[in-house]
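Chemist: sequence isn't available, so here's the structure alone:
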C-alpha cells in the first residue's frame, strides 16, 4: 500500500488523455503530470534529444516520489523506454506495448494500420512489436505530421482536416486493414473525424485505456496501490506556460484543470 | 576592417533565408548560423522562455566571435531583441524594424496586413512599430499557426494549403490592404501561393533583403566590414540533427548546405 503518486509525462498536453483514463480506473490514486511545453513537439526531433529530455523528466518525477512512471508520449515510448527503465528504480510503462496488445486483440484479418509522428513511425517500434508477438500480422504505418498542429489549433473537423486525413489514410484503403492504432496522444481528439473518413468497421485503438488497465494490474501485483479512501489529486507541471495552455489542456482532459505549476527544468 | 563572422540565429532553419540574403549582398562576409532545432518552434511558446533561449544562443554566437548578431526569428525579434541588446556588447539587429520600414515604404493606401506566429502577433510589435513611425497607418494582423508545419512538410502549394491560406487571409480581403508583411522566416516559401490567393496588386514584404541592407549599412558605418577578397563561409550549428534536416535546410537556402555541426546548448 502506497499513497505516492503515479508519474506521467508527455512532450505536451496530449498525455492528459492517459492521466484521465488512469484517474477514471484508479480514482484513489494521485497523479503527477509533466508536460514539456518548453520543448514540444518531440515527434520531429532526433532519438538522441528525445532520450535526453525523457531522462531529465524521469528524474523530476522520481524527485516528486513517483512510485511508477508512465511515458504517455508515443514518440518518447518508442525511443526512450529502455533508457528510462535502466535509469530509475521504479517500474516504467510506455504506451506502445498496451496499444500493440489491444490492436492484436482487436484485429480479425491480421491487417493493422498505425499512424503516428514522423519519429514514432520511423522508429518502427509498433511494427516490430506487433510482428514479434505474431509474425503473421501485416502492419502498414503512416506518419501524420500535420495532425498535432491541427489538434492544437482545435481544427478537429471541417473540410480541411478531412482532406488532410484522406491523404494520410489513403495507404490503408487498399490494404484492407480492420484495425487502426492511434499512435499519438493527440489523435484521440480526431476519433469522430477518423471514423467518418474510414471504413466504419475499422476499430480505432487508443492506448489510454489499455495503459490504465496495465497500471491497475501492475500496482496490484506489486502491492503499490493507494489505500486512501479519498479521491486522488492531479498535479500538473509544465516547462512553459503559454497563452493557450488552459484551452488545450482542458480539451484533452475534458474537464477543468486546477493545480498547475510552471517549472524550469532546463 | 574585421573578418569575424556575422552571427545569425533562428528557432529553426527558416532564418537561412536571411543568411542567404546577407551572403548575396555581402559575399566576403562569413556567417555563423545557429538553428535551435532541439526546441523549435518558438511561435507557440511564452515570452519568458523565448527570451531565455535567445540569450543562451547570443552567448554562443559571441563565443564564436560574432561581430554583429542578427535575430532572424520574428518571434525572438518581437520578444527578446531588447534583452539581447542589453546582454551583449556587439550590435544586435532584429527582423522587425527592417520589415516595418519596407512595409511603410511600400504602402500607398496606408493599410498594411501582417501575418506571423501566434507569439509574434500577440506581441503587437509590428503593429506598434508601424504606428509609432506613422500613426495614420491602419494595421491588420493575423496569426497563421499552420503555415510553419505546412512549410516544414513541404506542402507549399496544392488545394489544402490554398484552402488554409484562404481562411487566414480572409480578414485582409475586406480591409483593402495593399501591403502584406510576411512576419515569419518560413513564409517566403509560400510567396507564389500567397500571390495567387490575394489581390495581385498586394506587395508582399519579406524581411530578408531589408535586413541584409541594414547589416550592409551598419558594417560600413562602424567600419566592421570584412577586408577579405575571398568569399565568406557559412557555418551552420543546430541543437538537434533530425532526419529531414538536409531537405528542409536546402529548401530555405535554395542550395547545398555543407558545414553543419550539432551542438548541445542545453
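Modeler: Sure, I can see it. These numbers were taken from a predicted model, which means no experiment stands behind them. Numbering: from 1, shown residues only, chains lettered A, B, ... in the order given.

Chemist: CA only for contacts and neighbour counts going forward, please
Modeler: Will do.

Chemist: give me the residues contacting stretch A:6-15.
Modeler: Here stretch A:6-15 makes contact (C-alpha atoms under 8 Å, 6 or more residues apart in numbering or on different chains) with A:19, A:29-37, A:39-42, A:57, A:61-62, A:66-73, A:76, A:185-186, A:248-249, A:252.

Chemist: nope, stretch A:234-242 is what I meant
Modeler: The contact list for stretch A:234-242, computed with C-alpha under 8 Å, 6+ apart, reads A:30-39, A:259-265, B:44-46, B:49.

Chemist: make a ChimeraX selection of the buried ones in those.
Modeler: With 16 or more other C-alpha atoms under 10 Å in any protein chain shown as the burial test, the buried ones among the contacts of stretch A:234-242 are selected in ChimeraX as follows:
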select /A:30,31,32,33,34,35,36,37,38,39,262 /B:44,45,46,49
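
Chemist: shaky segments in the stretch 1-150 of chain A?
Modeler: In the predicted model of the stretch 1-150 of chain A, no residue satisfies pLDDT under 70.

Chemist: ranges for the strands of the stretch 151-266 of chain A?
Modeler: Secondary structure of the stretch 151-266 of chain A (DSSP state E, counting those that start in this stretch): strands located at A:179-183, A:203-206, A:234-238, A:260-262.

Chemist: for chain B, what are the nearby residues on chain A?
Modeler: Taking C-alpha under 8 Å from any C-alpha of the partner chain as the measure of proximity, chain A contacts chain B at A:37-41, A:44-46, A:49, A:145-146, A:149-150, A:153, A:160, A:163-164, A:240-243, A:266.

Chemist: do that again at 10 Å, thanks
Modeler: By C-alpha under 10 Å from any C-alpha of the partner chain, the residues of chain A that approach chain B are A:37-42, A:44-50, A:53, A:118-119, A:122, A:145-150, A:152-153, A:159-161, A:163-164, A:239-245, A:264, A:266.

Chemist: coming back round to it: which of the strands of the stretch 151-266 of chain A sits most buried?
Modeler: The highest average neighbour count among the strands of the stretch 151-266 of chain A, using mean count of other C-alpha atoms under 10 Å in any protein chain shown, belongs to strand A:179-183 at a mean of 25.

Chemist: any idea which element residue A:77 lies in?
Modeler: Assigned by DSSP states H and E, residue A:77 falls within helix A:74-87.

Chemist: okay, now the sheet partners of the helix or strand just after that helix, with direction.
Modeler: For helix A:74-87, the following helix or strand on the C-terminal side (DSSP H and E) is strand A:92-94. Paired with strand A:92-94 in the same sheet, following DSSP bridges, are strand A:68-71 (parallel).

Chemist: which residue is most remote from the mean position of chain A?
Modeler: Residue distances from the centre of chain A (C-alpha atoms, centre = their mean) peak at residue A:229, which lies 28.1 Å from the mean C-alpha position.

Chemist: chain neighbours aside, what residue packs nearest to that one?
Modeler: Leaving out its chain neighbours, the residue that sits closest to residue A:229 by C-alpha to C-alpha, 6 or more residues apart in numbering or on different chains is residue A:28, at 6.5 Å.

Chemist: show the buried residues in the residues of chain A next to chain B.
Modeler: Applying 16+ other C-alpha under 10 Å to the residues of chain A next to chain B flags A:37-42, A:44-47, A:49-50, A:53, A:118-119, A:122, A:145-150, A:152, A:160-161, A:164, A:239-242, A:245 as buried.

Chemist: in helices, which of the residues you listed appear?
Modeler: Within those, residues falling in helices by DSSP state H are A:47, A:49-50, A:53, A:118-119, A:122, A:147-150, A:152, A:160-161, A:164, A:245.

Chemist: number of nearby residues for residue A:155?
Modeler: Around residue A:155 there are 16 other residues, counting by other C-alpha atoms under 10 Å in any protein chain shown.

Chemist: quick one, what contacts the residue farthest from the centre of chain A?
Modeler: Counting by C-alpha atoms under 10 Å, 6 or more residues apart in numbering or on different chains, residue A:229 touches A:27, A:28, A:29.

Chemist: kindly report the same for residue A:163.
Modeler: If you count contacts by C-alpha under 10 Å, 6+ apart, then residue A:163 has A:157, A:169, A:197, B:159, B:160 around it.

Chemist: nearest to residue B:90, of those?
Modeler: Of all those, residue B:90 sits closest to residue B:160, with 43.9 Å by C-alpha to C-alpha.

Chemist: excluding covalently adjacent residues, which one is nearest to the closest one?
Modeler: Distances taken as C-alpha to C-alpha, 6+ apart put residue A:160 closest to residue B:160, at 6.4 Å, once the chain neighbours are dropped.

Chemist: so that neighbour touches residue B:164, yeah?
Modeler: Yes: counting by C-alpha atoms under 10 Å, residue A:160 does reach residue B:164; the two are 7.3 Å apart.

Chemist: look up how far chain B lies from residue A:246.
Modeler: For residue A:246, the distance to chain B (C-alpha to the nearest C-alpha, to the nearest Å) stands at 14 Å.

Chemist: what about the closest residue to that residue other than its chain neighbours, neighbour count?
Modeler: Of all residues not flanking residue A:246 in the chain, residue A:257 sits nearest, at 7.4 Å (C-alpha to C-alpha, 6+ apart). By other C-alpha under 10 Å, 14 other residues sit near residue A:257.

Chemist: just residue A:101 next, same as before
Modeler: 16.

Chemist: would you mind measuring the gap between the ends of stretch A:186-202?
Modeler: 19 Å (C-alpha to C-alpha, to the nearest Å).

Chemist: return the distance of stretch A:251-266 from the chain's centre.
Modeler: 16 Å (C-alpha atoms, centre = their mean, to the nearest Å).

Chemist: oh, I was asking about stretch A:109-117
Modeler: Distance of stretch A:109-117 from the chain centroid (C-alpha atoms, centre = their mean) equals 16 Å.

Chemist: what's around residue A:20, how many residues?
Modeler: Neighbours of residue A:20 (other C-alpha under 10 Å): 21.

Chemist: that one and residue A:252 touch, don't they?
Modeler: Yes: counting by C-alpha under 10 Å, residue A:20 sits close enough to residue A:252 to count as a contact (8.5 Å).

Chemist: kindly state the domain boundaries assigned to chain A.
Modeler: A:6-94+A:209-262, A:97-206 (automatic domain parsing).

Chemist: one step back: so which pair among the ones in helices among the buried ones among the residues of chain A next to chain B is furthest apart in space?
Modeler: The span of those, defined through C-alpha to C-alpha, is set by A:53 and A:160 at 33.2 Å.

Chemist: mind listing what residue A:156 touches?
Modeler: Residue A:156 makes contact with A:147, A:150, A:162, A:187, A:189, A:190, A:191, A:192, A:193, A:194, according to C-alpha under 10 Å, 6+ apart.

Chemist: one more pass at 7 Å, please.
Modeler: A:150, A:189, A:190 (C-alpha atoms under 7 Å, 6 or more residues apart in numbering or on different chains).

Chemist: mind checking pLDDT for it?
Modeler: Per-residue pLDDT puts residue A:156 at 96.

Chemist: likewise residue A:242?
Modeler: Confidence score, pLDDT, at residue A:242: 86.

Chemist: and for residue A:258?
Modeler: With respect to pLDDT, residue A:258 has a value of 88.

Chemist: can you check the one 3 residues further on too?
Modeler: As predicted, residue A:261 sits at a pLDDT of 95.

Chemist: which residues does it contact?
Modeler: Residues counted as contacts of residue A:261 (C-alpha under 7 Å, 6+ apart) are A:236, A:237, A:238.

Chemist: phi, psi for residue A:113 please.
Modeler: phi -100, psi 150 (degrees, to the nearest 10).

Chemist: doesn't residue A:177 make contact with it?
Modeler: Yes: look at residue A:113 against residue A:177 with C-alpha atoms under 7 Å: they come within range, at 6.1 Å.

Chemist: out of those two, which sits in the busier spot?
Modeler: A count of neighbours by other C-alpha under 10 Å puts residue A:113 above the other of residue A:113 and residue A:177, at 28 against 24.
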